[in-house]
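J.: what's the 3D shape of this:
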Amino acid sequence: MAVSPRLELRQSQSLVMTPQLMQSIRLLQMTHAELERFIDSEIEKNPLVEREEVDTAGEAPAPESENRPIDGFTLPDGFGPSAVEMADTLDSSLENIFPDEPGREEVVAPDLAAQWKSAAGSGHAASDGDGFDIAALAPARLSLGDHVGEQIAFAFTDPGERRLAAELAGHLDENGYLRTDAGEIASMLGLPAASLEAVLETLQQFDPPGIFARSLSECLAIQLRRKDRFDPAMEALIANLELLARRDFAALRRLCGVGEADLVDMLGEIRALDPKPGAAFAIEPSEAIVPDVTVRPARDGTWDIELNAAALPRVLVDQSYYATVARKASAPEKEFLSECLQSANWLVRSLDQRARTILKVATEIVRRQDGFLANGITHMRPLNLRMVADAIGMHESTVSRVTANKYMMTPRGVFEMRYFFNSGVGSANADEAHSSEAVRHEIRRLIEGEDARAVLSDDDIVELLGKRGIAIARRTVAKYREAMNIPSSVQRRREKRAFAAAS
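T.: Numbering: from 1, shown residues only. Prediction:
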């Protein structure tokens, strides 16, 4: 058989991951706060992108002539790309973003794009020059370092001690603990050990109580001394925290030399202390959860599923500005404006498709978890990404991006969309599998209702769940119990007996 080179012509299709296509995919998994920041950056870079202004009554004004849709706007000859030119420039079209979604022309909700682009509640009021941001008047949050620095300035007069105190304050962690060798710092500054102990003793009197401790036991001891409750019995309890973690109350009573009632009182005092005194000064910005979807019961017994207008940005393309500038623009400027128009149009279409996709996924989740919304956690059903993806004709990766960091407001509270996805536990009656979240709820309820004289072991829980039609292994019960931070039956028995004897 002879081997010789030859030329062949083959036709194939492939999806080109252009920057615009990657941008549209990233938009799917962005949170509300991330999406707002992204749009702000696009507005800074693209002069044709602007937000739709909202009046003081919360209603978006009707768009004027300069912001009317592209199809109803006529540009001068030679300006603005056609649909074909735009697709050639981007190397792809919007339909390629969701290759697994058939029939993109299918309408998910009546005139959805018009609804969410003009609805009220964006939270971005127009800058008319008359108002002001009241948040700007709030004082800056005090950090732990600033709070300690103010106390150092008044507590020390000696320059060397003040320098050592400032150096030790610089080694505090976010919980207020001193996580370094204080002796090395004193040696580096040329100060004697006596000065170190004196400075550290003064620092440990600072607010909040427990700061500058080098261990958990020292932190608790500092707070107890402040309350004048650090007696020999409490000192023995603090020195044996590992026994407290194991709930070995018999050994603790013997070491502390107290009865059961006194030990229970001591444990109550320990629980009232703050093991992380510096955590209250954490300055990480907290972002409020804005639900992306709202679910309400309808009059006909079904559910009304709507996109939250406050979580949907309103972006417009300023075509009037494009037409005005393009008339007098040079060739490089025309090219720049053409790219900006393409990018702006792509952004608007991507946001619209993002909203439609979120609504479609949320609708399927509500359809499958109708029992949970109506009757509670015990009626939650097993659900995974593939089940939703197959039902709505999308790929699992698209569903995963849509449900990441998206929240749904329901009559039972606000839940992350991924909360509704959970594995299944077998049924003893060969019926439909039980949700793992519902099984966890049953385990927690059984343990909370157990008697101190008859604490349930993992085997007992397996037997009780089996009577309710839930087939589960003992190791699975132990895994769920540990995930919920519930101690073992031995530890619970010790704790319940101690508190029962004290009462």
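
J.: pLDDT weak spots in the stretch 251-400 of the chain?
T.: Applying pLDDT under 70 to the stretch 251-400 of the chain flags the ranges 283-287.

J.: Sorry, wrong one. I was asking about the stretch 401-503 of the chain.
T.: Scanning the stretch 401-503 of the chain for pLDDT under 70 picks out 426-432, 497-503.

J.: how about 80 then?
T.: Low-confidence segments of the stretch 401-503 of the chain (pLDDT under 80): 423-435, 451-453, 469, 490-491, 493-503.

J.: so where do the strands sit in the chain?
T.: Assigned by DSSP state E, the chain shows strands spanning 49-51, 293-297, 303-307, 315-317, 407-410, 413-416, 424-425, 434-435.

J.: Any chance of TSV for those strands, columns distance to Asn175?
T.: Where you see a C-beta, it was placed from the backbone N, CA and C, and this is true even at glycine. Below are these laid out as TSV (distance: least, Cβ to Cβ, whole Å):
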stretch	distance to Asn175
strand 49-51	41
strand 293-297	37
strand 303-307	40
strand 315-317	42
strand 407-410	29
strand 413-416	27
strand 424-425	38
strand 434-435	36
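
J.: Between the ones you listed, which one is closest to Gln204.
T.: strand 413-416 (41.2 Å; Cβ to Cβ).

J.: Give me the buried positions along the closest one.
T.: Phe415 (16 or more other Cβ atoms under 10 Å).

J.: Strand partners (parallel or antiparallel) of that strand?
T.: Take DSSP bridges as the rule and strand 413-416 pairs in its sheet with strand 407-410 (antiparallel).

J.: Export the partner strand to CSV, keeping only CA atoms.
T.: Extracted C-alpha coordinates of strand 407-410, given in CSV (Å, rounded to 0.1, in the frame of the first residue of the first chain):
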residue,chain,number,x,y,z
TYR,A,407,-30.3,34.2,45.5
MET,A,408,-34.0,33.5,45.5
MET,A,409,-36.5,35.2,47.8
THR,A,410,-39.3,32.8,48.8
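
J.: do you know how far Ala389 is from Lys360?
T.: According to Cβ to Cβ, to the nearest Å, Ala389 and Lys360 sit 11 Å apart.

J.: of all the strands of the chain, which lies closest to Arg179?
T.: Using Cβ to Cβ, the strands of the chain put strand 413-416 closest to Arg179, at 33.5 Å.

J.: How far does the closest one sit from its chain's centre?
T.: With Cα atoms, centre = their mean, to the nearest Å as the basis, strand 413-416 stands 11 Å off its chain's centre.

J.: got it, and stretch 381-391?
T.: With Cα atoms, centre = their mean, you get 22 Å for stretch 381-391.

J.: what comes up buried for it?
T.: Going by neighbour count (16+ other Cβ under 10 Å), the buried part of stretch 381-391 is Arg381, Pro382, Leu383, Leu385, Met387, Val388, Ala389, Ala391.

J.: what number of residues lie near the closest residue to the third one other than its chain neighbours?
T.: So that's Leu383. Of all residues not flanking Leu383 in the chain, Phe421 sits nearest, at 5.2 Å (Cβ to Cβ, 6 or more residues apart in numbering). Phe421 has 21 neighbours, counted by other Cβ atoms under 10 Å.

J.: With Glu482 instead?
T.: For Glu482, using other Cβ under 10 Å, the count is 11.

J.: ranges for the helices of the stretch 201-350 of the chain?
T.: Assigned by DSSP state H, counting those that start in this stretch, the helices in the stretch 201-350 of the chain fall at 216-226, 232-238, 241-245, 249-256, 260-271, 319-327, 331-368.

J.: Which one, of the ones you listed, ends up nearest to Pro192?
T.: Among the helices of the stretch 201-350 of the chain, helix 216-226 comes nearest to Pro192, with 22.2 Å by Cβ to Cβ.

J.: any idea how far the nearest residue to Phe372 once chain neighbours are set aside is from Thr410?
T.: Nearest residue to Phe372 in three dimensions, chain neighbours excluded: Met380, at 4.2 Å (Cβ to Cβ, 6+ apart). Separation of Met380 from Thr410 (Cβ to Cβ): 12 Å.

J.: From Asp146, how far off is Lys276?
T.: Taking Cβ to Cβ as the measure, Lys276 falls 18 Å from Asp146.

J.: which of the two has more neighbours?
T.: Using other Cβ under 10 Å as the criterion, Lys276 and Asp146 rank with Lys276 on top: 16 against 12.

J.: residue contacts, the residue nearest to Leu383?
T.: For Phe421, the contacting residues are Leu383, Asn384, Leu385, Thr403, by Cβ atoms under 8 Å, 6 or more residues apart in numbering.

J.: which of those lies closest to Val295?
T.: Checking the contacts of Phe421 against Val295 by Cβ to Cβ gives Thr403 as the nearest, at 14.6 Å.

J.: tell me the mean pLDDT over stretch 148-166?
T.: What stretch 148-166 shows for mean pLDDT is 86.

J.: Let me see the residues that make contact with it.
T.: Stretch 148-166 is contacted from outside by 169, 172, 185-186, 189, 191, 195-196, 198-199, 202-203, 206-207, 211, using Cβ under 8 Å, 6+ apart.
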